[in-house]
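Q: I would like the atomic coordinates for the input below:
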Amino acid sequence: MKGKGIMINDSNDLAILVKRDSDGKILSGLVIGDTTFQNQEQIILAQPGTIKHAPLVGVGVADFLDDEVPDNLLRAVRTQLAADGQKVKSVGFDQSGQLVVDASYNQ
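A: Okay, here's the model as predicted:
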């Protein structure tokens, strides 16, 4: 199921929550959950070419910081998320200037 997988934390490290049995043996450790939002964040932040196995993936949001018209950024976000298999309902900015994405994997 796309959108479910290994989670990462705010430091982009694996999210680990060790659970042990009564003998102290590790039962689980990696956190599994809905990866939709972390995938969106990684795609938006990544520069094209930085993901070795998928060099065309990445919006490279930092490249758009000086653009006065955000159309190219919004188009790039929509295109990249759709290429990742997400159904993009809307991409825009809220009143405070934060990028707002309404997209999810087709279930």
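
Q: give me the helices and strands touching whichever strand or helix holds Gln80, please.
A: With elements taken from DSSP states H and E, the one containing Gln80 is helix 71-83. On a contact count with 3 or more Cβ pairs under 8 Å, 6 or more residues apart in numbering; DSSP states H and E, helix 71-83 meets helix 36-45, strand 86-93, strand 99-105. No exception for glycine: its C-beta is placed from N, CA and C like everyone else's.

Q: try 7 Å this time
A: When contacts are defined as 3 or more Cβ pairs under 7 Å, 6 or more residues apart in numbering; DSSP states H and E, helix 71-83 sits against helix 36-45, strand 86-93.

Q: so that helix versus strand 99-105, what angle?
A: Here helix 71-83 runs at an angle of 20 degrees relative to strand 99-105 (axes from the mean of the first three to the mean of the last three Cα atoms, to 10 degrees).

Q: with only the CA atoms kept, save helix 71-83 in CSV.
A: Presented in CSV, the C-alpha positions along helix 71-83 are these (Å, rounded to 0.1, in the frame of the first residue of the first chain):
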residue,chain,number,x,y,z
ASP,A,71,3.2,29.7,-10.6
ASN,A,72,6.3,27.7,-11.6
LEU,A,73,6.7,26.4,-8.0
LEU,A,74,3.1,25.4,-7.7
ARG,A,75,3.2,23.7,-11.1
ALA,A,76,6.4,21.8,-10.1
VAL,A,77,4.9,20.6,-6.8
ARG,A,78,1.7,19.4,-8.6
THR,A,79,3.8,17.6,-11.3
GLN,A,80,6.2,15.9,-8.9
LEU,A,81,3.5,14.7,-6.5
ALA,A,82,1.4,13.4,-9.4
ALA,A,83,4.5,11.6,-10.7
